[in-house]
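Enquirer: quick one: sequence plus predicted model below, questions after.
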Amino acid sequence: MGKKMSDTAVNNMGTQAQKLAAENNPLITADGIPLKQKLAKTTRKMKMRALLLTMPLVLFIIVSFVIPIGQMLHRGFYNPAVSNVMPNFSIAIKDWDETTGEMPSDEILKVFVEDLALARKNREVGKTVGNMATRINYELPGSRSLFTKTARRADKITEGPYLDELIAIDKKWDNHNLWRTVKRASNDYTISFFLAALDLKYDENGEISRADPLYQIYVPILMKTLMLSALITFLCFLIAYPVSYLLSTLPLRTSNLLMILVLLPFWTSLLVRTSAWIAMLQTEGIINDIMVYLGIIGDDGRIQMIYNQTGTVISMVHILLPFMILPLYSVMKTIPPSYMRAAKSMGATNSYAFRKVYFPQTIPGIAAGTLLVFILAIGYYITPALVGGSDGIFISNLIADHIRKTLNWSLGSALAAILLVVVLIFYWMYNRLVGVDKLKFG
Amino acid sequence: MQGAEKNNMAVNKSATDTSYVRFENVQKSYDGEVLVVKDLNLDIQKGEFVTMLGPSGSGKSTCLMMLAGFEPATHGEIFLDDRPINTVPPHKRGIGMVFQNYALFPHMTVAENLAFPLEVRGMSRSDQEDRVKKILDLVELPQMAGRRPAQLSGGQQQRVAVARALVFEPDLVLMDEPLGALDKQLREQMQYEIKHIHENLGVTVVYVTHDQTEALTMSDRVAVFEDGVIQQLSSPESLYESPQNSFVAQFIGENNKLNGVVEKVSKGICQVRTDDGTLLHAEKVNVEGVGDKTTLSLRPERIELDPPKGTKNVVKGRVEELIYLGDHIRVRMNVAGNSEFIVKVRNRADKRPLKEGQDAKIGWLAEDCKALDYVGQL
Ligand SMILES: Nc1ncnc2c1ncn2[C@@H]1O[C@H](COP(=O)(O)OP(=O)(O)O)[C@@H](O)[C@H]1O
Ligand SMILES: [Mg+2]
C-alpha cells in the first residue's frame, strides 16, 4: 500500500518536471538532442525519397511545358532581326533623338550604309537583308523593297552626305517616320507584335492607335472564338446533362455499355471523326440528301452546313461532348436516389425536387465540365481548320498560320500569349464564381 | 402519461377495426422472377408504433417503399385512412420519411432542410421560422439551425432527419433503419428519444430494422419478416414469450433447440422423444399431432440448475464451457445430443461453482418449452 502511494507521487513529480521543461526550453529526446531536430532528421530521408520520386515528372514538366511556354512568351517580345543583320547600326541609331524632328546624323547613316553593304554579302540563314526587311515591313507595310533595293547599291556609296545619297537611290528615305520606325525595329525587345495582335499600331507620330479597319482581324477572331466556344460549351451542356443523368440512373451493366458508346469517339482519330462530319454535312452529303428525299428542302435549296461556323460548332460539340459527360456522370453517380425520394416524400413535385435538390448538387460537375470544354474549345485547331472554311476559324488557326506559313513567329507567339492570358482570366473568374476546389472532374 | 393514454386509444380503436394503414394481399416483384414480398396482409392502427423486423433482404424496405409510393405494388392494394393509394404519387401522400443515410440535402443548412417541406406547401416565411424553431427545440438542437449537415455529428444528423420528417406534421412517419449508422450507445439513446417523440406527438410510425433489441424496446407491435412473408405480428412480449414458429423463436432472443418426435398430446402438452431417447414435455404450438417431427425451443434463462422436485423436465448434461459474465454465468452444455445447449446460471454465492467436464442436473417447466415446426438438422 505504502509503496504504491510513493510510486504515484514519483510519477506526479515526473509529469510536473516535464511540464516545466516544456515551458522553459524545447523538448529533449532521451539522447539529449532537441525533439524538433531529431524529428527533422528522421523525416529527412522520407522527404528526400518523395522528392526523388517526383523528380522525373518535375523534369518532364519543365522540359516539355515550362521552357516552351517561357520561350513562346519571350518570342512575342524579342525579335533581333535588325541587330542580327546590322549589329553596328543597331547600336549607333540609339544615339539619335527622334523627338527633335531632325534626321539621323551623317555618322549614324554612314554606319547604316556600311552595315547594309556588309549584310548583303551575308548568306547566313536568318541574317540576310531579307530578314531585316521583313521585320521592318511588319511595322511599315510596303517598305520591304526599299531595303532590298538600297542594299544592292549600298557598296556604291563611298562618301557623304549619306542621307542625300540614300535619297538619290529612293526618295522614300527622306521621311522622318521611316527612320523612327527603323530605330524602333532595331531594338531587340518590342511590344509591336503584341500591339499587332490586339489590332493596334504605332501611327505616324509614334503614338499607339487603332489599326486601319481593313487590318483589324485578330480581335474580331478572338471574340468570335470566345463566342463560339461559349456556344459549343452550352450545347454540350444541354446534350450531356440528360445523357449523364440516364447513365447514372441505369443499372450498371446497361450504363457501362452506353458509357462505351460515349467514349467510342475517343478511340477513333480526331481526323476520322471530323472527316465523317464532312461526309454528313456537305451539300451533297447524307443529311442534305435525306432532307431532299423527304421533301423538306428542294434539290436546289441544299443547305450549306459545313465550311462555315455551323460546321465548326456541330463537329466540335460532338468531339468535346465526352469532356462534359464524364465529370457530370461522376458527380451524378454520387447522388443517391434517396435525396429525390426525400424531397418527394416532403411533398415536392418532380420538377421542384429536381430544381431545388438534384440540380444544385450537380453544380460541381457542371462547373468542371463547362470549364474543361470551354478551355479546350478556345484552343481548338484541327476541327475548325478542316470544317470551318474561312468563316468558322478560330484564333488558333491564325496562330498556326503565322508559325507555319508566314513565319512571323513573333506575332504567332504574341497571339498565343494573349490566348493564354484570356484562358487564365477565365480560369480566375471561374475560381471566383465557383471555386476550383469544388470542381469534380471524375 | 399522455403517451400511455394515446396507446390505450389505439388499442381501443383496433377493437372497432378501423385501421389507418392496410396492406391487402400485396405482392411485389422487381424482376418478374422472384417475389420479394409474398401476399402481405397488415393492419396498422392510428398512433401505433409498428416495426418491421427481419434479416437483410427479407423485403422490409420494399414494403416501406411501396407504402411511401416509390415502388408500385405488383399485386394487391394499400390503403391509407381507408383510401386506396396505389395511384397516388408520393408527393401527395403526405407521409414523412426518415432514410437510413438521412438524405439531408448537403447544399442546404439545417434550417433550410427543415423548412423544405414547409416551403413546398407555400407556408409564409414567419410561420416557417416558427415551425423550424419549434421542431429544433423538440430534437434539442436549437443552436444548429445555420449549420450544414456535413458539420453535424452522426447523432445530430439523425435528429435533424427525424425533425424534417415531422416538421410538416404528417400523420404517418416511415423510418428505414434510421439508427443503423450510429454507434451502440447513441443508438440506444436515440431509440429512447424517437419513442418519446412518438408518444408526445401521437403520430403513427412504421419502423424498419434488423436489430431485434431495437424492435422490442420501441414498438407497440412487431412484424417479423422472413423471405417476403410476415412470420408473426404481435407485441414484443408475446413475440418473445410465445413465438409461433421456429424462425421467430430463433430470430428473437437467445434460444436452445432440440429435435424430436411427438409421442403423445394431452391438454396442450406434448410428450416428445428426442433423437437420443430422452423424453421431454413441451407446450404444443406449431405441430399437428402424434408422429410429427418437431424442434423444441427453450430460452436459456428458463433452465434451472439442480431443479426442485416435481419439475416436469429433468435431464443430465455435461458442462463443456463456462463463460463468466459477472451477473450470470453462461454455461455451454451437451444436452440430449446438442452440444450447443446454453444455460444461464445466476451468479449466487450459495450455489457451488460448476467445473468444465462435470455432469450437472438441469430442468425446466413444460410451459417454457415450445414444440415448434421442425427445422432439420441442428
Ligand atoms: N430496386 C431493386 N431492384 C431489384 N431488386 C431489388 C431492389 N430493391 C431490393 N431488391 C431485392 O429485393 C429483396 C428485398 O430487398 P429489401 O426490401 O431491400 O430488403 P430489406 O430491406 O429487408 O433488407 C432483396 O433480395 C433485394 O435484392
Ligand atoms: Mg432495407
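Expert: All right, it came through fine. Ligands and ions are numbered 1, 2, ... in the order given.
Enquirer: can we go C-alpha only for contacts and neighbour counts from here?
Expert: Noted.
Enquirer: who touches residue B:354 in this structure?
Expert: residue B:319 (C-alpha atoms under 8 Å, 6 or more residues apart in numbering or on different chains).
Enquirer: can you check residue A:376 too?
Expert: residue A:320.
Enquirer: show me the contacts for residue B:171.
Expert: B:94, B:95, B:203, B:204.
Enquirer: please repeat the previous calculation with a cut-off of 10 Å.
Expert: By C-alpha atoms under 10 Å, 6 or more residues apart in numbering or on different chains, residue B:171 lies in contact with B:20, B:46, B:47, B:94, B:95, B:96, B:201, B:202, B:203, B:204, B:205.
Enquirer: selecting buried members of those residues in ChimeraX, what would you type?
Expert: Command for ChimeraX, covering only those of those found buried under the criterion 16 or more other C-alpha atoms under 10 Å in any protein chain shown:
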select /B:20,46,47,94,95,96,202,203,204,205
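Enquirer: ok, which of the contacts of residue B:171 also contact chain A?
Expert: B:94, B:95, B:96 (C-alpha under 10 Å from any C-alpha of the partner chain).
Enquirer: what would those residues look like in TSV with secondary structure and pLDDT?
Expert: Converted to TSV, these look like this (DSSP: H, G, I helix; E, B strand; the rest coil; pLDDT from 0 to 100):
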residue	secondary structure	pLDDT
B:94	coil	92
B:95	strand	94
B:96	strand	94
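Enquirer: can you verify residue A:69 is assigned to a helix?
Expert: Yes. Per DSSP: H, G, I helix; E, B strand; the rest coil, residue A:69 lies within a helix segment.
Enquirer: what about residue A:331, which SS state?
Expert: Classified using three-state DSSP, residue A:331 is helix.
Enquirer: that one and residue A:362 touch, don't they?
Expert: Yes. Residue A:331 is within contact range of residue A:362, at 6.2 Å (criterion: C-alpha atoms under 10 Å).
Enquirer: who in the stretch 201-350 of chain A is up against chain B?
Expert: So far as C-alpha under 10 Å from any C-alpha goes, the stretch 201-350 of chain A lies against chain B at A:335-350.
Enquirer: point out where the stretch 1-150 of chain A drops to low pLDDT.
Expert: A:1-26 (pLDDT under 70).
Enquirer: please redo it, this time with the cut-off set to 90
Expert: Applying pLDDT under 90 to the stretch 1-150 of chain A picks out residues A:1-43, A:45-47, A:50-51, A:72, A:97-102, A:106, A:120-128, A:138-142.
Enquirer: and what of the stretch 251-400 of chain A?
Expert: Within the stretch 251-400 of chain A, the ranges that satisfy pLDDT under 90 run A:251-252, A:261-275, A:283-284, A:295-301, A:303-304, A:306, A:364, A:389-392.
Enquirer: residue of it closest to ligand 1, please.
Expert: Of all residues in the stretch 251-400 of chain A, residue A:251 sits closest to ligand 1, at 9.2 Å by C-alpha to the nearest ligand atom.
Enquirer: now do the domain split for the chain, please.
Expert: With no chain named, the answer covers chain A. Using automatic domain parsing, the domain parsing of chain A gives A:2-77, A:81-188, A:218-438.
Enquirer: actually, chain B is the one I wanted.
Expert: Taken from automatic domain parsing, chain B resolves into B:4-246, B:254-372.
Enquirer: distance to ligand 1 added to those domains, as JSON lines?
Expert: Formatted as JSON lines, the domains of chain B follow (distance: least, C-alpha to the nearest ligand atom, whole Å):
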{"stretch": "domain B:4-246", "distance to ligand 1": "3"}
{"stretch": "domain B:254-372", "distance to ligand 1": "21"}
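Enquirer: continuing past the lowest-mean-pLDDT helix or strand in chain B, what's the next helix or strand?
Expert: Every helix and strand in chain B was compared by mean pLDDT, DSSP states H and E; the lowest is helix B:2-16, with a mean of 42. Next in sequence after helix B:2-16, counting helices and strands by DSSP states H and E, comes strand B:21-28.
Enquirer: so which of the domains of chain B comes closest to residue A:419?
Expert: Across the domains of chain B, residue A:419 has its closest neighbour in domain B:4-246 (35.3 Å, C-alpha to C-alpha).
Enquirer: the stretch 51-200 of chain B: helices as residue ranges?
Expert: B:60-68, B:110-120, B:125-138, B:154-166, B:184-201 (DSSP state H, counting those that start in this stretch).
Enquirer: make CSV out of those helices and add mean pLDDT and distance to residue A:124.
Expert: CSV is the format used below for the helices of the stretch 51-200 of chain B (pLDDT from 0 to 100; distance: least, C-alpha to C-alpha, whole Å):
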stretch, mean pLDDT, distance to residue A:124
helix B:60-68, 94, 84
helix B:110-120, 95, 75
helix B:125-138, 93, 82
helix B:154-166, 93, 77
helix B:184-201, 91, 85
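Enquirer: of these, which is nearest residue A:201?
Expert: Closest among the helices of the stretch 51-200 of chain B, using C-alpha to C-alpha: helix B:110-120, at 57.1 Å.
Enquirer: not counting sequence-adjacent ones, nearest residue to the residue in the stretch 151-300 of chain B that chain A sits nearest to?
Expert: For the stretch 151-300 of chain B and chain A, the shortest gap (C-alpha to the nearest C-alpha) falls at residue B:165, measuring 7.5 Å. Closest residue in space to residue B:165, ignoring its immediate chain neighbours: residue B:96 at 4.4 Å, by C-alpha to C-alpha, 6 or more residues apart in numbering or on different chains.
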